[in-house]
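Q: Sequence and computational prediction follow.
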Amino acid sequence: MRNVYLILPLIFSLAFTCCKNNNTEHEEISTEEKLVRDSISKAEQRRKADSLKKQNPLLIMPPDSTYTGDYIDKYPGGIIKFRGFFRVGKRHGQWMSFYPSGLLWSEMHYDKGLRHGPNITYYETGGKRYEGMYKNDSRDSIWIYYDSIGRPAEKVLFKNDQVIKKLPLK
């Protein structure tokens with residue numbers, strides 16, 4: 001059924017293109033027409049993003065592919081779920097996510113859409129769950145995993161997202 005929604009616009013656009021008068025093919029598009037096409041494109045992107053978010057409520061997508069600015073998503077009760085910044089449609093800088101209770105869930109840093117920098121994730125009780133560094137979207141440092149009462153449970157050295165070795169706890 002979804003394929004029908006994707007194919008119908010394609011068929012209409014092909015039919016429209018084929019029926020076009022050859023004399024008008026080389027005419028320039030007016031500024032007004034460009035604005036209309038751009039707004040239609042952004043509306044289609046927004047519909048697609050909304051559809052994907054219904055399938056996965058934790059999915060974070062910008063309003064459109066060129067969006068630059070702050071992003072805040074909230075739970076139905078008004079508590080912030082995600083907070084961050086998009087730069088030309090990609091996550092950039094610090095991003096934070098929160099539990100429905102309002103407590104911090106995770107803190108992550110991005111550089112032009114790639115995870116890059118410190119990453120800390122917390123239990124709902126507030127204690128750390130794990131922490132480590134990303135470099136160009138790959139784990140690249142010593143990652144420390146904690147048990148539910150805050151004691152280090154495991155230390156692992158990563159390089160390019162590959163486990164190099166497990167380190168002793170001290």
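A: Cool, the structure landed.

Q: Average pLDDT for stretch 66-81, rounded please.
A: The average pLDDT within stretch 66-81 is 93.

Q: Give me the contacts around it.
A: Stretch 66-81 has contacts (C-beta atoms under 8 Å, 6 or more residues apart in numbering) with 60, 62, 82-89, 97-98, 100-102. Just so you know, the C-beta spots here come from the backbone N, C-alpha and C atoms, and that holds for glycine as well.

Q: how about 6 Å then?
A: Residues outside stretch 66-81 that contact it (C-beta atoms under 6 Å, 6 or more residues apart in numbering): 82-89, 98, 100, 102.

Q: quick one: which of those residues is nearest Asp161?
A: Nearest to Asp161 among the contacts of stretch 66-81, counting by C-beta to C-beta, is Gly84 at 22.2 Å.

Q: Any idea what the closest one is bridged to?
A: Counting by DSSP bridges, Gly84 forms beta bridges with Tyr71.

Q: can I assume it is in contact with Ser97?
A: No - at 8.8 Å, Gly84 does not count as touching Ser97 under the criterion of C-beta atoms under 6 Å.

Q: shared neighbours, the two?
A: Residues within reach of Gly84 and of Ser97 at once, by C-beta under 6 Å, 6+ apart: there are none.

Q: okay, and for the chain, where does confidence drop off?
A: For the chain, applying pLDDT under 70 flags the ranges 1-27, 34-58.

Q: could you pull out the strands for it?
A: Using DSSP state E, the strands of the chain run over residues 69-74, 80-87, 90-91, 93-98, 104-111, 114-122, 128-135, 138-139, 142-146, 152-159, 162-167.

Q: want to try TSV for those strands, with mean neighbour count and distance to Glu32 as columns?
A: Below are these laid out as TSV (neighbours: other C-beta atoms under 10 Å; distance: least, C-beta to C-beta, whole Å):
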stretch	mean neighbour count	distance to Glu32
strand 69-74	12	26
strand 80-87	18	28
strand 90-91	19	30
strand 93-98	16	36
strand 104-111	18	36
strand 114-122	17	38
strand 128-135	18	45
strand 138-139	18	46
strand 142-146	17	54
strand 152-159	15	53
strand 162-167	11	54
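
Q: care to break the protein down by domain?
A: If you go by automatic domain parsing, the domain ranges for the chain are 28-57, 65-170.

Q: Start and end of the longest one, how far apart?
A: With C-alpha to C-alpha, to the nearest Å as the measure, the first residue of domain 65-170 is 46 Å from its last.

Q: Over to stretch 75-84?
A: Using C-alpha to C-alpha, the end-to-end distance of stretch 75-84 comes out at 15 Å.

Q: now Ile60: how far from Phe158?
A: Between Ile60 and Phe158 the computed distance is 24 Å (C-beta to C-beta, to the nearest Å).
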